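Visitor: Curious how this folds, go ahead:
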Amino acid sequence: MQFNILIIDDEKNIREGLAEAMELEGYNAFTAENGKLGLERVAQGDIDLVITDLRMPEVTGEQVLKKVTAENPGVPVIVLTGHGSIDSAVDAMRNGAYDFLTKPVNLDELAMVVKRATQGRELILQHRQLQEELNSSKSFENIIGKSAEMQKVFNLVKKAAASKANVLITGESGVGKELICNAIHNLSQRKDKPLVKVHCAALTESLIESELFGHEKGAFTGAATMQRGRFELADGGSIFLDEIGEINQNVQIKILRVLQEKKFERVGGTQTLDVDTRIIAATNRNLEEEVKEKRFREDLYYRLKVVEIHVPPLRERKEDIPLLITSFLSKFAEENGKDITGIDERARSALYKYSWPGNIRELQNCMESAVVMCEGTKITLDDLPPNISQASSEEVIQIPAGMKMEDAEKMIIMQNLAINKGNKSKTADVLGIGRKTLHRKLDEWGVSD
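Guide: Numbers count the residues shown, from 1 in each chain. You can find the predicted model right below:
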């Protein structure tokens, strides 16, 4: 983004000279001849950095510094003075100055200070923008995702929730299939009834039948009392059968009967029980292949997938990564009592390039680790796990097959921008496009980084 810099100095030649120098560096420069006019200009709300003289009549640079830092947190203030002293420098820094330079100003030194300050400012603005996007994205059952792929998933969830159909949720481990189940139940007419969850892979073959259908007293060794099963507990509501591809065929037959007849018996029992429950199943297996290999019943498969919702892996919806990072960063920074404002360019580039085989679960663990390791106010490459930080050296852009041309163009531009550490001129040169064209596209996408 192009930053707006305000220069406040009562000496005309100095303020106009500094303004010209800042414009040559690519910034928008504004001037004010005294502290009062400078504060009025800051109050308009579009100033990203202030350079102010310390000794001015009426409203002094010290007063400007205190008011800007108090009322505009995140806007850095650089103090200049021709009466430099250790005491003045210490006072300015105590009052929140970003840096302190003496006159006559070394323009190269000033340019470096301004560059560092604006980079920090950009992180703050970027984090703020992502937080706003994150807040707006939470309107769909707390599932984070603005990508086209996730919008398709959300539309399917809404349609499935409004029906009575059974749903099969497919996708790799860690993509958030359980969140999709929660959304379906919470948006359905059964939302006031129980949602009972069964993680089938965590139960042994000898236990899963009893867990699902319950058992009578004395049905087997250790069955000291009658126990109601998960289907019975979910009567009137929904049951979530996670990793349903792990269950054996004997249990598959009993689940099929519940689907067809809405009836079952407890293990060791003779009484037939009626049940009205909606089945939402999930799997990371290819059930079509399981059917071909005779490991999963074909009739049950088609009964379960009346509506199928496939949740794409994170590598196929990288547009959602910034929002997910912001969410996890805020959560873990608060939990660990840390004031972390964002992520630097190299770390962000590595997070974007990494393929995330563990999907959202892996990203969540990565961000928790990074927050714990971080000793400053922003996550750096050194704070990331080694296998992820190493991705920063692989400057390769992978375009998934089937991606739309406009999405591929955005991915290429955004990743090159990250590789070039936010340098838009260099990015435009590498891509062979004009800088104005690059700015126009970034503006169209509503992004600042």
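
Visitor: Next SSE downstream of the helix or strand of the chain with the lowest mean pLDDT?
Guide: Lowest by mean pLDDT, DSSP states H and E among the helices and strands of the chain is helix 86-94, with a mean of 68. Once helix 86-94 ends, the next helix or strand along the chain (criterion: DSSP states H and E) is strand 99-102.

Visitor: Break this protein into its domains for me.
Guide: The record's domain parsing of the chain by automatic domain parsing lists 4-134, 148-312, 316-394, 397-449.

Visitor: Including distance to E141, could those domains go into JSON lines?
Guide: Heads up, the C-betas are built off the backbone N, CA and C, glycines and all. As requested, those are exported to JSON lines (distance: least, C-beta to C-beta, whole Å):
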{"stretch": "domain 4-134", "distance to E141": "14"}
{"stretch": "domain 148-312", "distance to E141": "4"}
{"stretch": "domain 316-394", "distance to E141": "14"}
{"stretch": "domain 397-449", "distance to E141": "24"}
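
Visitor: could you dump those to CSV with mean neighbour count?
Guide: Formatted as CSV, the domains of the chain follow (neighbours: other C-beta atoms under 10 Å):
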stretch, mean neighbour count
domain 4-134, 18
domain 148-312, 17
domain 316-394, 18
domain 397-449, 15
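
Visitor: How much space separates the residue nearest in space to the middle of the chain from E362?
Guide: With distances taken as C-alpha atoms, centre = their mean, the residue of the chain nearest its centroid is L324 (1.4 Å). With distances taken as C-beta to C-beta, to the nearest Å, L324 is found 11 Å from E362.

Visitor: Pull the residues that contact whichever strand or helix holds A428.
Guide: Assessed by DSSP H and E, A428 sits inside helix 424-431. Here helix 424-431 makes contact (C-beta atoms under 8 Å, 6 or more residues apart in numbering) with 26, 412-413, 416-417, 420, 434-435, 437-439.

Visitor: Mark which of the residues you listed are part of helices, please.
Guide: 412-413, 416-417, 435, 437-439 (DSSP state H).

Visitor: As a check, name the ranges of all strands in the stretch 1-150 of the chain.
Guide: 4-8, 28-32, 49-53, 77-81, 99-102 (DSSP state E, counting those that start in this stretch).

Visitor: And the third one, what does it pack against?
Guide: In terms of contacts (3 or more C-beta pairs under 8 Å, 6 or more residues apart in numbering; DSSP states H and E), strand 49-53 is packed against strand 4-8, helix 35-42, helix 61-71, strand 77-81, helix 107-137.

Visitor: Of those, give the one that comes closest to K254.
Guide: K254 sits nearest to helix 107-137 of all those, at 40.2 Å, using C-beta to C-beta.

Visitor: And the average pLDDT for that closest one is what?
Guide: Helix 107-137 shows a mean pLDDT of 74.

Visitor: can you give me the helices in the stretch 251-400 of the chain?
Guide: 287-292, 298-304, 321-335, 345-353, 359-373, 386-389 (DSSP state H, counting those that start in this stretch).

Visitor: Tell me which of those sits nearest to I47.
Guide: So among these, helix 345-353 is nearest, using C-beta to C-beta, at 23.4 Å.

Visitor: tell me the angle the closest one makes with helix 359-373.
Guide: 160 degrees (axes from the mean of the first three to the mean of the last three C-alpha atoms, to 10 degrees).

Visitor: Give the other helices and strands that helix 345-353 contacts.
Guide: Packed against helix 345-353 by the contact rule (3+ C-beta pairs under 8 Å, 6+ apart) you find helix 321-335, helix 359-373, helix 386-389, helix 405-419.

Visitor: Mind doing that once more with 7 Å?
Guide: helix 321-335, helix 386-389, helix 405-419 (3 or more C-beta pairs under 7 Å, 6 or more residues apart in numbering; DSSP states H and E).

Visitor: C-alpha coordinates for the second one, CSV please?
Guide: Included here for helix 386-389 are C-alpha records, laid out as CSV according to Å, rounded to 0.1, in the frame of the first residue of the first chain:
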residue,chain,number,x,y,z
PRO,A,386,11.5,-26.2,10.9
ASN,A,387,9.5,-28.2,8.4
ILE,A,388,7.4,-25.2,7.7
SER,A,389,10.1,-22.5,7.8
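
Visitor: Show me the contact partners of that helix.
Guide: 350-351, 354, 366, 381 (C-beta atoms under 7 Å, 6 or more residues apart in numbering).

Visitor: try 6 Å
Guide: Under the criterion C-beta atoms under 6 Å, 6 or more residues apart in numbering, residues 350, 354, 366, 381 lie in contact with helix 386-389.

Visitor: one step back: quick one, what contacts the residue nearest to the centre of the chain?
Guide: 144, 363.

Visitor: just I180 next, same as before
Guide: Shown in contact with I180 (C-beta under 6 Å, 6+ apart): I169.

Visitor: Which strand or helix spans it?
Guide: helix 177-186.

Visitor: Could you tell me the angle between that helix and helix 359-373?
Guide: Using the same axes, to 10 degrees: helix 177-186 against helix 359-373 is 110 degrees.

Visitor: now helix 177-186: mean pLDDT?
Guide: 95.

Visitor: Among the ones in helices among the contacts of helix 424-431, which has the minimum pLDDT value?
Guide: Lowest pLDDT among the ones in helices among the contacts of helix 424-431: R435, 75.

Visitor: circling back: can you list the helices of the stretch 251-400 of the chain in JSON lines and add mean pLDDT?
Guide: What follows is the helices of the stretch 251-400 of the chain, written out as JSON lines (pLDDT from 0 to 100):
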{"stretch": "helix 287-292", "mean pLDDT": "94"}
{"stretch": "helix 298-304", "mean pLDDT": "95"}
{"stretch": "helix 321-335", "mean pLDDT": "89"}
{"stretch": "helix 345-353", "mean pLDDT": "84"}
{"stretch": "helix 359-373", "mean pLDDT": "94"}
{"stretch": "helix 386-389", "mean pLDDT": "86"}
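
Visitor: among those, which is nearest L54?
Guide: Using C-beta to C-beta, the helices of the stretch 251-400 of the chain put helix 345-353 closest to L54, at 32.6 Å.

Visitor: contact partners of that closest one?
Guide: Contacts of helix 345-353 (C-beta under 6 Å, 6+ apart): 321, 379-381, 384, 388-389, 391-392, 418, 421-422.
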